[in-house]
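Trainee: give me the fold of what follows.
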Amino acid sequence: MNAPIQDVDSDVLRGELHGLLKYINRVREEIASISRPTDDSHEFSTMSDQLDAVIKATDEASNTIMGCAEGNEDAVTKLRALLKDPKQVALLDQISENDMNIIQACSFQDITGQRVTKVARSLTYVEARVGALTELWGKEEIEKVELKSEEKTADEKLLNGPALDPARSINQAEIDALFD
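Mentor: Now for the predicted structure:
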């Protein structure tokens, strides 16, 4: 496109520049909305923390489940020494088999943790790129961008999920009190 300047149609050029300006402003708005969300529930910066909390909660739940299954096995071993009836021993065998299946099924946590960690790394990468774009554009310029807040339904306003900070989380007694 090496046409002499006088051959360029000014209306076409104006239209192209207008389209480019609209695109640049849209990119700026998107960077601003990620950098400083209008809503706490959409904070990009807490996503990795939320995923870490998922890993921790599934790990704790799996450990509790496996601990209970192992406790069952201890009780089964003691009962097995006391029982002689083949039908009762067969029931103990079934309980042992179920416990082993529970313990094996809890291996999901390790695989899930690995996958969530990969996603968390990807989010960290994206967050770093957004940070770099914010720096390139200039934080002051991004701060000037006016953001539109999204309207939430009544249900969406109530559904925030569990708090990352246990001190800010509602406890079971408070939940039970709602139903009294």
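Trainee: make it CA atoms for all contacts and neighbour counts henceforth
Mentor: Noted.
Trainee: nearest the middle, which residue of this structure would you pick?
Mentor: The residue at the geometric middle of the chain, judged as the C-alpha nearest the mean C-alpha position with CA atoms, centre = their mean, is residue 51 (4.4 Å).
Trainee: so who does that one touch?
Mentor: The contact partners of residue 51, by CA atoms under 8 Å, 6 or more residues apart in numbering, come to 116, 117, 120.
Trainee: tell me the secondary structure for the first one?
Mentor: Applying DSSP: H, G, I helix; E, B strand; the rest coil to residue 116 yields a three-state assignment of helix.
Trainee: per-residue confidence for it?
Mentor: Here, the pLDDT recorded for residue 116 equals 90.
Trainee: where's the residue nearest to it when sequence neighbours are not counted relative to residue 118, distance?
Mentor: Distances taken as CA to CA, 6 or more residues apart in numbering put residue 51 closest to residue 116, at 6.5 Å, once the chain neighbours are dropped. Here residue 51 is placed at a distance of 10 Å from residue 118 (CA to CA, to the nearest Å).
Trainee: could you do residue 133 as well?
Mentor: Distance from residue 133 to residue 118, counting by CA to CA: 23 Å.
Trainee: more crowded one of the two?
Mentor: For residue 133 versus residue 118, the count of surrounding residues by other CA atoms under 10 Å is larger for residue 133: 16 against 12.
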